[in-house]
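**Student:** Build me a model from this:
(one chain, ligands or ions: 1)
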Amino acid sequence: MTLTKVVLSERDMPTHWYNINADLPAAGVELPPVLHPITLQPVGPADLAPLFPMALIMQEVSTERYIEIPDEVQELYKLWRPTPLYRAVRWEEALDTPAKIYFKYEGTSPAGSHKPNTAIPQAYYNKQAGVTRLTTETGAGQWGSALSFACQAFGIECKVYMVRVSYDQKPYRRSLMQTWGATVVPSPSPQTAAGRAILAQDPNSSGSLGIAISEAVEEAVTREDTNYSLGSVLNHVLLHQTVVGQEVMKQMELIGADWPDVVIGCVGGGSNFGGFAFPFLRENLVNGRRSRIIAVEPLAAPSITRGVYAYDYGDTAKMAPVAKMHTLGHDFIPAPIHAGGLRYHGMAPQVSAVANAGLIEAQAVPQRAIFEAAMSFTRAEGILPAPEPSHAILAAMNEALACKESGESKTIVFNLCGHGHFDLGSYDAFLQGRLEDYEYPAEAIERSLANLPRV
Ligand SMILES: *Cc1c(COP(=O)(O)O)cnc(C)c1O
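**Tutor:** Numbering: from 1, shown residues only. Sure thing, here's the model as predicted:
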């Protein structure tokens, strides 16, 4: 009988997060300092204190290799962790490939994605610091759901600025957030100066993550009782997600699987990829392993493959810190026809730095092909993937089909970071043939990049 699923016990959950900052210097990779958006000088902890609790600020700059996961966080993780690792036996058969394909499934969390892995500790550290309200932004609604759930767990108020186009297209994500007690407003909104400025220029603005971040940051900065919370990009967010990759290594070891030849994750802001891949990257850097590690992004928002590695603002209104990252420019607005998620203009500084150093690979893919890959996968494995991890599924499929050509039996592992039960509108568009490929125009990227801060 072939093994299809590896389930760890709660006793096998990682007790620490893995911090890649500890291993970058030896690999010759430097993580440039984050800058203040007005002075463009390196930020200190005091600059970030209006936004984040000190414990998270310290994690942001920590170089400690392993950081202990607080007991209360582990207790809440147990609501869905450890998550299963699958061998995609039926999909391997359907693809007629000699490759062995494994996937980690993070869709079993309450919010349906990997995002609660960081929402829970972020809410916890804010609660510890006496914060009673959190603001945030959400694009597709996954992060807003995760933070609403986490705030509910700790008795914190939650206000979510939801990108207008998603607010209209994904009403049930909004309902889920409201069910967990959050207040949800479409962004741009008239409730903030940043939102009003955008609406004055374009009353019908479909919004962007950059604009929604500006609104959430503005509210946090101007209210004493309120902090801000970000679901991706920052070091501490990627740190929290490393429970995922650590579990995968344990699960593969438990069944005596070969060490992976290829490790694949999709990238929006870089958190599921970092959390999944960095423990494997450490093995490449420190223990002589040779896995290829691949980040997959949409052609509609191709920050690593088409953007530049430069300092840029984290948000559209230039209120969030400035970081060196792969960016399409902070005034990037994704096309509303783009259904695949992964719409942020920048990329996590840690992912950007290792991509720039050539330690990982990046691919950009079109959206019709990701839905075709998702169909192939779900018809074999049953799980309906979100469009975002379908980017990883496409890359895994291409690797498996290359193995069919070459006759190699490579071991491929990817992160299925969320289910697609709230994305059936996009599946519907695909099934009815209404989904078009879209490539973000090079001229538009150039125009945005002209507005980068001069550092
Ligand atoms: C938010 C999200 C992403 C994109 O964000 P990352 O920080 O790049 O992981 C990808 N997949 C799912 C399921 C998400 O919820």
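**Student:** Not counting sequence-adjacent ones, nearest residue to the residue sitting nearest the centre point of the chain?
**Tutor:** Closest to where the C-alpha atoms of the chain average out (Cα atoms, centre = their mean) is residue 271, at 3.7 Å. Take residue 271 and drop its neighbours on the chain: the residue closest to it by Cβ to Cβ, 6 or more residues apart in numbering is residue 232, 4.1 Å away. All C-beta spots, glycine's among them, are computed from the backbone N, C-alpha and C.
**Student:** Any idea how many residues pack against the one you found?
**Tutor:** Using other Cβ atoms under 10 Å, residue 232 has 26 neighbouring residues.
**Student:** Would you check that it makes contact with residue 140?
**Tutor:** No. Checked against Cβ atoms under 8 Å, the pair residue 232 and residue 140 is beyond contact range at 11.7 Å.
**Student:** Check the residue nearest to residue 196 when sequence neighbours are not counted and give its pLDDT.
**Tutor:** Closest residue to residue 196 apart from its sequence neighbours, by Cβ to Cβ, 6+ apart: residue 190 at 5.7 Å. Predicted confidence (pLDDT) for residue 190: 98.
**Student:** Could you tell me whether residue 264 really is in a strand?
**Tutor:** Yes. Judged by DSSP: H, G, I helix; E, B strand; the rest coil, residue 264 forms part of a strand.
**Student:** There's contact between it and residue 417 in this structure, I believe.
**Tutor:** No. In this structure, residue 264 is not within contact of residue 417 by Cβ under 8 Å, at 11.1 Å.
**Student:** re the thing from before, and the residue nearest to residue 271, how far from residue 89?
**Tutor:** 32 Å (Cβ to Cβ, to the nearest Å).
**Student:** cool, and residue 226?
**Tutor:** From residue 226 to residue 89 the distance is 49 Å (Cβ to Cβ).
**Student:** okay, the two: which has more neighbours?
**Tutor:** residue 226 (20 against 16).
**Student:** Show me what from the stretch 151-300 of the chain comes close to the ligand.
**Tutor:** Contacts of the stretch 151-300 of the chain with the ligand, taken as Cβ under 6 Å from any ligand atom, map to 232, 266-273.
**Student:** Excluding sequence neighbours, find me the nearest residue to whichever residue of the stretch 301-450 of the chain sits closest to the ligand.
**Tutor:** Taking Cβ to the nearest ligand atom as the measure, the stretch 301-450 of the chain has residue 418 as its residue closest to the ligand, at 2.6 Å. If the residues on either side of it in the chain are set aside, residue 418 comes closest to residue 113, at 3.3 Å by Cβ to Cβ, 6+ apart.
**Student:** Of all pairs in the residues of the stretch 151-300 of the chain next to the ligand, which one spans the longest distance?
**Tutor:** Within these, two members stand farthest from each other by Cβ to Cβ: 232 and 266, at 11.7 Å.
**Student:** Neighbours of residue 331, how many?
**Tutor:** As a burial measure, residue 331 scores 19 neighbours (other Cβ under 10 Å).
**Student:** swap in residue 285?
**Tutor:** 19.
**Student:** now the one 10 residues further on
**Tutor:** Using other Cβ under 10 Å, residue 295 has 29 neighbouring residues.
**Student:** try residue 446
**Tutor:** 11.
**Student:** for residue 7, same thing?
**Tutor:** 12.
**Student:** Spatially nearest residue to it, not counting backbone neighbours?
**Tutor:** Using Cβ to Cβ, 6+ apart and skipping residues adjacent in sequence, the residue nearest residue 7 is residue 84, 5.3 Å away.
**Student:** what about the one you found, distance to the ligand?
**Tutor:** Residue 84 sits 16 Å away from the ligand, taking Cβ to the nearest ligand atom, to the nearest Å as the criterion.
**Student:** Isn't that residue up against residue 4?
**Tutor:** No. Taking Cβ under 8 Å as the definition, residue 84 is not a contact partner of residue 4, at 9.5 Å.
**Student:** who's more crowded, these two?
**Tutor:** residue 84 (18 against 13).
**Student:** Give the full set of residues in contact with that one.
**Tutor:** By Cβ atoms under 8 Å, 6 or more residues apart in numbering, the contact set of residue 84 is 5-7, 104-105, 108.
**Student:** Equivalent analysis for residue 53, please.
**Tutor:** 125-126, 128-129, 131, 227.
**Student:** Torsion angles phi and psi at it?
**Tutor:** Here the main-chain torsion angles of residue 53 (degrees, to the nearest 10) amount to phi -70, psi 150.
**Student:** That one: what's its closest spatial neighbour, skipping adjacent residues?
**Tutor:** Spatial nearest neighbour of residue 53, chain neighbours left out: residue 129 (3.6 Å); criterion: Cβ to Cβ, 6+ apart.
**Student:** Alpha carbons only: can I get stretch 29-37 in CSV?
**Tutor:** Extracted in CSV, the C-alpha atoms of stretch 29-37 (Å, rounded to 0.1, in the frame of the first residue of the first chain):
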residue,chain,number,x,y,z
VAL,A,29,24.0,37.7,2.1
GLU,A,30,23.5,41.1,3.7
LEU,A,31,20.0,42.3,4.8
PRO,A,32,20.1,46.1,4.3
PRO,A,33,18.6,48.2,7.1
VAL,A,34,14.9,49.3,6.9
LEU,A,35,14.5,53.1,6.5
HIS,A,36,12.2,55.7,7.9
PRO,A,37,9.7,56.9,5.2
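**Student:** Next, residue 92: phi, psi?
**Tutor:** phi -60, psi -40.
**Student:** wait, it sits on residue 401?
**Tutor:** No. In this structure, residue 92 is not within contact of residue 401 by Cβ under 8 Å, at 11.2 Å.
**Student:** So for those two, which sits in the more crowded spot?
**Tutor:** Set residue 92 next to residue 401 and count neighbours by other Cβ under 10 Å: residue 92 wins out with 19 against 14.
**Student:** about what we covered before: contacts only, for the residue nearest to residue 418.
**Tutor:** 106-107, 142, 146, 272, 386, 417-419.
**Student:** Please repeat the previous calculation with a cut-off of 7 Å.
**Tutor:** 106-107, 142, 146, 386, 417-418 (Cβ atoms under 7 Å, 6 or more residues apart in numbering).
**Student:** Would you format those residues as a markdown table with secondary structure, distance to residue 250 and pLDDT included?
**Tutor:** A markdown table is the format used below for these (DSSP: H, G, I helix; E, B strand; the rest coil; distance: Cβ to Cβ, whole Å; pLDDT from 0 to 100):
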| residue | secondary structure | distance to residue 250 | pLDDT |
| --- | --- | --- | --- |
| 106 | coil | 15 | 98 |
| 107 | coil | 19 | 98 |
| 142 | helix | 25 | 95 |
| 146 | helix | 24 | 98 |
| 386 | coil | 25 | 97 |
| 417 | coil | 18 | 98 |
| 418 | strand | 21 | 98 |
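**Student:** and of those residues, the nearest to residue 359?
**Tutor:** So of the contacts of residue 113, ranked by how close each gets to residue 359 (Cβ to Cβ), first place is residue 417, at 21.0 Å.
**Student:** Next, give phi and psi for the closest one.
**Tutor:** phi -80, psi 0.
**Student:** show me where pLDDT drops low in the chain?
**Tutor:** 1 (pLDDT under 70).
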